[in-house]
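*Asks:* Build me a model:
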Amino acid sequence: MSTSGTLNKTTLELREKFTLLIENNFDKIQSDIDLLEPKDRIRILLELAKFVVPTLKATELTIGNENKFNPVIINLGTGINPELEAKY
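*Replies:* Residues are numbered from 1 along each chain as shown. Reported below is the predicted structural model:
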């Protein structure tokens, strides 16, 4: 019986076999990639990266009424006045 978050035996065996397949053919895969045009090589590398590097999810920021935006003014220390700087 498999619990949530654990791999079942078949999935684990399949991943191990696929990993072995990649390892045994790594040089051939690299040779094939080297023969591609630069734009195709980059496309393939980006596609392969999806299996190794986690994909980041886009984040959207919304504010209620965009006409009522209040800027944040940060005092950076003595002698620095953002209100004076904004006039130039």
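*Asks:* Roughly how far does Asn25 sit from Lys39?
*Replies:* When distance is defined by Cβ to Cβ, to the nearest Å, Asn25 is 24 Å away from Lys39. All C-beta atoms are positioned from the backbone trio N, CA, C, and that covers glycine.
*Asks:* Let me fix that, I meant to ask about Glu23.
*Replies:* From Glu23 across to Lys39, the span is 28 Å (Cβ to Cβ).
*Asks:* so which strand or helix has Asn59?
*Replies:* Not Asn; residue 59 is Thr. Thr59 is part of no helix or strand, with elements assigned from DSSP states H and E.
*Asks:* Name all residues that make contact with it.
*Replies:* By Cβ atoms under 8 Å, 6 or more residues apart in numbering, no residues touch Thr59.
*Asks:* Asn25 and Lys39 - which one has more neighbours?
*Replies:* The neighbour comparison of Asn25 against Lys39 (other Cβ atoms under 10 Å) goes to Asn25, with 12 against 8.
*Asks:* Could you pull up the mean pLDDT of the lengthiest helix in the chain?
*Replies:* As assigned by DSSP state H, the longest helix anywhere in the chain is helix 9-24. In this model, helix 9-24 has an average pLDDT of 92.
*Asks:* now the strands for this protein?
*Replies:* Here the chain has no strands by DSSP state E.
*Asks:* Right, I'll leave it there.
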